[in-house]
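Trainee: give me a 3D structure for the following:
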Amino acid sequence: MHTTSPPSLESLYQLTDWELDQRIQAARNRLGEDLVILCHHYQREEVYKFADLTGDSLKLSRLASQRSQAKTIVFCGVHFMAEVADILSAPDQITLLPDLAAGCSMADMADLPQVVAAWKELGRVLPVETQVTPITYVNSTAELKAFCGQHQGTVCTSSNAGKILEWAFSQRPKVLFFPDQHLGRNSAKRMGIPLEEIVLYQPDLPLGGLTEAAIRKARVILWNGYCSVHQMFQPAHVELFRKRIPDVRIVVHPECSMEVCDLADDLGSTEQIQQVVRSAPPGSRFAIGTELNLVNRLKHEMPDRDIHFLCPTICMCSTMFRIDTQHLCWTLENLVQGQVVNRITVPKREAVLAKTALERMLQVC
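Mentor: The predicted structure is shown next:
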């Protein structure tokens, strides 16, 4: 074990990319099987290349929980992902987030006081505990997952939202879906639920900006949240590629607006988007509507396919982008010195309730 102190984060920004890579690899070698590095599909390439496991947020957390020999999970993603890893991992494992500023703007659009207030407001119109199932997208805080666990609700991902809605309707006639309105609307519409039975709750307005009659009629009550990246894709972008490349296949993430999803050929999570592209024959042409780093990685991996980014402007997850090689190196070199930085710990009661909600989802899917 080194006896020198770990470097300051600021000093690492003076190093070249090659020097950083060498130091990260050296730290990984010293930590061995005590360490597992997780990288989300949207992570920048210079960090992604150091991953032991890659995938979407829930897949990564489940895989990490199976690495029982790893004492430390370093999650190169955003805050809510590290929370899920902490919830699902073993009690003797710890989870670190290289940069605590790596948050999620969508997750920030719904907090516990707002959701509790909305639940109470809806409760003045109808008996929520017997008529409404709360569902939170995995892109949310542990507090909201715990809320769902407490109120007989569950969690969903972008790949299983439809199945989770089916389960919810088998329990109760209505659903409160947060924080992403687009995933909720697209999933409900694909189930055949009429748009007039899908309403948008705006937490900054009395009764969410809805009438009591609208709430009673609604089957799906959506939260007014969205992904700042996926909202950038527009119907005009789809039309542009249809004209430019007549046989192009449009593939988008369900966090895109309903108008964009309705025009697409395929709709899917990050894992599903990759499956669509990888299973296509060489020469296939795609325009993909999801975060830029993932699209660029697919272009690099499969040069025999013609892959385009659907939006004419750059759409990157700016908060995920905060995790760079300097933060990764700083985190690992502190670990080598026996120092833990940026640990993510979900309080016990909250973790138990959140895990209950997650386990309900896993039982359904």
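Trainee: could you pull up the residues touching the spatially most central residue of the chain?
Mentor: With distances taken as CA atoms, centre = their mean, Asn139 lies nearest the centre of the chain, 4.4 Å away. Counting by CB atoms under 8 Å, 6 or more residues apart in numbering, Asn139 touches Ser57, Phe80, Cys104, Met106, Ala107, Pro179, Asp180, Cys227. Bear in mind the C-beta positions are built from the backbone N, C-alpha and C, glycine included.
Trainee: likewise Ala218?
Mentor: Lys174, Glu197, Ile198, Val199, Leu210.
Trainee: residues in contact with the nearest residue to Tyr42 once chain neighbours are set aside?
Mentor: Spatial nearest neighbour of Tyr42, chain neighbours left out: Glu291 (4.3 Å); criterion: CB to CB, 6 or more residues apart in numbering. Glu291 makes contacts with His41, Tyr42, Val229, Cys315, Met316, Cys317, Met320, as judged by CB under 8 Å, 6+ apart.
Trainee: go again with 7 Å.
Mentor: Under the criterion of CB atoms under 7 Å, 6 or more residues apart in numbering, the neighbours of Glu291 are Tyr42, Val229, Cys315, Met316, Cys317.
Trainee: now do Gln43
Mentor: Counting by CB under 7 Å, 6+ apart, Gln43 has contacts Cys76, Gly77, Asn293, Met320, Ile323.
Trainee: again, only this time at 8 Å
Mentor: Contacts of Gln43 (CB under 8 Å, 6+ apart): Ala51, Cys76, Gly77, Asn293, Met320, Ile323.
Trainee: and the third one, how far from Leu200?
Mentor: Pointing back at Gly77 there. 28 Å (CB to CB, to the nearest Å).
Trainee: ok, these two, which is more surrounded?
Mentor: Between Gly77 and Leu200, Gly77 has the larger neighbour count (other CB atoms under 10 Å), namely 27 against 17.
Trainee: and Gly32, how many neighbours?
Mentor: Neighbour count for Gly32, taken as other CB under 10 Å: 9.
Trainee: pretty sure it is in a helix, no?
Mentor: Yes - counting by DSSP: H, G, I helix; E, B strand; the rest coil, Gly32 falls inside a helix.
Trainee: got the domain ranges for the chain?
Mentor: For the chain, automatic domain parsing gives the domain ranges 9-102+320-345, 107-227, 230-309.
Trainee: let me see the contact set for Glu33.
Mentor: So Glu33 contacts Gln69, Ala70 (CB under 8 Å, 6+ apart).
Trainee: shift numbering so it begins at 20
Mentor: Happy to do that; since the first residue is 20 now, the last one works out to Glu52.
Trainee: how close does it sit to Pro146?
Mentor: Taking CB to CB as the measure, Glu52 falls 52 Å from Pro146.
Trainee: returning to what we had before: ok, and the most crowded of the contacts of Asn158?
Mentor: Result: Asp199 is most packed of the contacts of Asn158 (other CB under 10 Å), 31 neighbours.
Trainee: what about the nearest residue to it once chain neighbours are set aside, neighbour count?
Mentor: Nearest non-adjacent residue to Asp199, counting by CB to CB, 6+ apart: Tyr156, 5.0 Å away. Neighbours of Tyr156 under the rule other CB under 10 Å: 27.
Trainee: over to Leu184?
Mentor: 23.
Trainee: my read: it touches Ala207, true?
Mentor: Yes - with contact defined as CB atoms under 8 Å, Leu184 counts as touching Ala207 (6.2 Å).
Trainee: joint contacts of those two?
Mentor: What both Leu184 and Ala207 touch, as defined by CB under 8 Å, 6+ apart, is the set Val194, Phe196, Val239.
Trainee: with distance to Lys139, pLDDT and secondary structure added, can I get those residues in TSV?
Mentor: Shown next, in TSV, are the shared contacts of Leu184 and Ala207 (distance: CB to CB, whole Å; pLDDT from 0 to 100; DSSP: H, G, I helix; E, B strand; the rest coil):
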residue	distance to Lys139	pLDDT	secondary structure
Val194	17	98	strand
Phe196	18	98	strand
Val239	19	98	strand
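Trainee: can you lay out those as JSON lines showing neighbour count and distance to Thr289?
Mentor: As requested, the shared contacts of Leu184 and Ala207 are exported to JSON lines (neighbours: other CB atoms under 10 Å; distance: CB to CB, whole Å):
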{"residue": "Val194", "neighbour count": "25", "distance to Thr289": "24"}
{"residue": "Phe196", "neighbour count": "29", "distance to Thr289": "20"}
{"residue": "Val239", "neighbour count": "25", "distance to Thr289": "24"}
